[in-house]
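S.K.: Have a look at this prediction, sequence included:
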Amino acid sequence: MRRRMLVAGILAALTASLLAAAPAGAAPAFGKYIVVLKDSTASPDAVARSHAGRFGARVGSVYRYALKGYSATLGADRVAALRADPSVAAVAPDLPVHALAQALPTGVDRIDGELSSTISGNGGGDVNVDIAIIDTGIDTSHPDLNVVGGTNCVGGTGFNDDNGHGTHVAGIAAARDDANGVVGVAPGARLYAVKVLNASGSGSISQIICGIDWVTARASTIEVANMSLGGQSLFGSFSTCTSGFDPMHPAICRSTQAGVTYAVAAGNSDANSNNFIPATYSEVITVSALADFNGQPGGGAAPTCRADVDDTFADFSNWGADVDIIAPGVCIFSTYLGGGFNTLSGTSMASPHVAGAAALYKSNNPTATPAAVRTALRNAGNSNWSNADDGDTTKEPLLNVDAL
């Protein structure tokens, strides 16, 4: 009851602050919102059209699979009336999110990708799994990537990458094993470019839900999704699968219930990941970053692209009880725009190592649930790294795929 009252108070305060933004006598301010409809709603499209007429809502994306609802621009003076509509479960502010930024790459080497069932790097690996990269898009003409489809949730047409982040992430997870460029953890896996971030690597919760919704509608095909992105949570541990005030969480819950395994970045703020979404959700595999400069255990290697300590917790990585596993995330060489390659660092780079590992596991265990995949990856991990710089006392397992 106390939690319910606190959440109600937070929502009331948010609404009050939005209403207070307009001075007396001025036209009401408009804001961006996510309208969550009740599960009993038969047609989210029809309700969205009705609300557009009744409340003056300018409807953006309509959600039908991971969530019943829609995104909208709405006058702040109409929020309370919309929230009181009998078809509405919640109205939440639409918050910003952002990207968390053939040689055998050091990351694939460090997790023993060359010892996995596909033997990454031997020129013959090919994984029969579908992975969605929910990001800035993918360079669809990159010769090292097997891009088979996608969608655009940011406006415009096509899902080609105009930033580079999504293409880099995609290569870590699944670059082809073709004797050229680099090789991924799950070589040659089919990739879906789910463009939810713009050219500057920014987006909003409504766009992320649009991507999750698209993936969920294809859960019979797409087994794994990677989200190397995130934003700060206003609600922390109060978020649950039924929280209307955090609509991305129920969307993730329904998507995992449909069978999609999500790997997500812990975040790059050297802070507790329970203050960041989607990292704090218990339904996903949250990944922190290891600093590794030579692909080998034991430490002692000299830094390369940035200053850090070899074989330790990356100095930027988020930490905490919500983190499930750690993977290489410093100075990772992977695919990039224009058919090229680049070296980047971040938990964004750690997460697709785990997405690729999840794809490996699903290729051999096609009926495994997302929870079973997470347990299998954690159990296959090892403790062969130093957590001296970790922000907590828990030493999460280091991803290892030699048994997958």
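M.R.: Here it is on my side, so go on. Residues are numbered from 1 along each chain as shown.
S.K.: quick one: terminal-to-terminal distance for stretch 274-281?
M.R.: Its first and final residues considered, stretch 274-281 spans 8 Å by Cα to Cα, to the nearest Å.
S.K.: what's next to that stretch, contact-wise?
M.R.: Defining contact as Cβ atoms under 8 Å, 6 or more residues apart in numbering, one finds that stretch 274-281 is touched by 227, 230-233, 236-237, 239, 246, 248-249, 252-253, 262, 264-267, 269, 273, 284, 286, 318, 320-323. Where you see a C-beta, it was placed from the backbone N, CA and C, and this is true even at glycine.
S.K.: Would you confirm that residue 395 contacts residue 381?
M.R.: No - using Cβ atoms under 8 Å, residue 395 is not in contact with residue 381, being 10.3 Å away.
S.K.: And the strands in the stretch 151-300 of the chain?
M.R.: Taking DSSP state E, counting those that start in this stretch as the test, the strands found in the stretch 151-300 of the chain are 190-195, 202-204, 224-227, 229-232, 261-265, 276-277, 285-291.
S.K.: quick revisit: more neighbours, residue 395 and residue 381?
M.R.: Under the criterion of other Cβ atoms under 10 Å, the comparison of residue 395 against residue 381 puts residue 381 first, with 21 against 13.
S.K.: Per-residue pLDDT of the more buried one, please?
M.R.: The predicted local confidence for residue 381 comes out at a pLDDT of 95.
S.K.: re earlier: any chance of the strands of the stretch 151-300 of the chain in TSV with distance to residue 179 as columns?
M.R.: Converted to TSV, these look like this (distance: least, Cβ to Cβ, whole Å):
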stretch	distance to residue 179
strand 190-195	19
strand 202-204	36
strand 224-227	25
strand 229-232	32
strand 261-265	27
strand 276-277	39
strand 285-291	28
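S.K.: what's residue 348 in contact with, if anything?
M.R.: With contact taken as Cβ under 8 Å, 6+ apart, residue 348 is in contact with 99, 100, 101, 165, 168, 169, 228, 229, 265, 268, 329.
S.K.: Tell me which helix or strand it sits in.
M.R.: When elements are defined using DSSP states H and E, residue 348 is found to belong to helix 347-364.
S.K.: Quick one: list the elements packing against the helix or strand immediately after that helix in the chain.
M.R.: If you walk from helix 347-364 toward the C-terminus, the next helix or strand you reach (DSSP H and E) is helix 370-380. Other elements packing on helix 370-380 under the criterion 3 or more Cβ pairs under 8 Å, 6 or more residues apart in numbering; DSSP states H and E are strand 261-265, strand 285-291, helix 347-364.
S.K.: which outside residues touch helix 370-380?
M.R.: Under the criterion Cβ under 8 Å, 6+ apart, residues 256, 259-262, 283, 285, 324-325, 354, 357-358, 361-362, 365, 368, 397, 399-401, 403-404 lie in contact with helix 370-380.
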